[in-house]
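**Student:** Mind looking at a prediction? Sequence and model below.
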Amino acid sequence: MVEHTYRVMVRSRFTDLDDAGRDRLLAEVERHGVLTNGFSEQGALSYDRSLDFFSFRVQLRAEVETTDRAVCDRALALASRAIEEFGVDFRDMRASATDVDLIKIRRPR
């Protein structure tokens with residue numbers, strides 16, 4: 001059983017934010033900066049003060065035979081839980097996965 005590492009980027013939009021939801025998100029905005037949160041195994045939620053779009057970056061391990069769709073589905077579930085902890089809604093959630101073990105690095109000669 002060979003496993004690869006996948007980095008998955010989930011993107012979405014906040015929707016129907018009420019004042020309480022905005023306040024909860026804005027209270028945590030400094031912890032969820034786009035430039036401070038990279039890929040991690042727990043997942044990292046990023047958004048800015050405009051509270052329009054957000055991203056969720058997660059690094060997952062999966063068997064080589066696993067499809068990208070299955071990896072993306074796992075990431076979508078993690079992202080949904082992260083947003084639901086704030087008690088707010090989202091829409092248009094989509095994910096894209098990259099198998100980092102297949103990336104070729106060209107080093108200067």
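**Tutor:** All right, it came through fine.
**Student:** For whichever strand or helix holds Thr5, what is the distance to the chain centroid?
**Tutor:** In this structure, Thr5 sits in strand 3-15 according to DSSP states H and E. Taking CA atoms, centre = their mean, to the nearest Å, the mean C-alpha location of strand 3-15 is offset from the chain mean by 4 Å.
**Student:** For it, buried residues please.
**Tutor:** 4, 6-10, 12, 14 (16 or more other CB atoms under 10 Å). C-beta: built from backbone N, CA, C; applies to glycine.
**Student:** Name the surrounding residues that touch the helix or strand that comes right after that strand.
**Tutor:** As assigned by DSSP H and E, the chain's next helix or strand after strand 3-15 is helix 19-27. For helix 19-27, the surrounding residues in contact (CB atoms under 8 Å, 6 or more residues apart in numbering) are 14, 17, 47, 49, 51, 86-88.
**Student:** swap the cut-off to 10 Å and go again
**Tutor:** Outside helix 19-27, the residues that touch it by CB atoms under 10 Å, 6 or more residues apart in numbering are 14, 17-18, 32, 45, 47, 49, 51, 54, 83, 85-89.
**Student:** cool, and stretch 93-100?
**Tutor:** 4-13, 39, 54, 56, 58-60, 62, 64, 66-76, 78-80, 83.
**Student:** cool, stretch 47-55 as well?
**Tutor:** So stretch 47-55 is contacted by 9-15, 17, 21-22, 25-26, 28-30, 32-35, 37, 44-46, 56, 79, 82-83, 86, 88, 90, 92-93 (CB under 10 Å, 6+ apart).
**Student:** For ChimeraX, what selects the buried ones among those?
**Tutor:** The ChimeraX command for the buried members of the contacts of stretch 47-55 (criterion: 16+ other CB under 10 Å) is given here:
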select :9,10,12,14,17,21,25,32,37,44,45,46,56,79,82,83,86,88,90,93
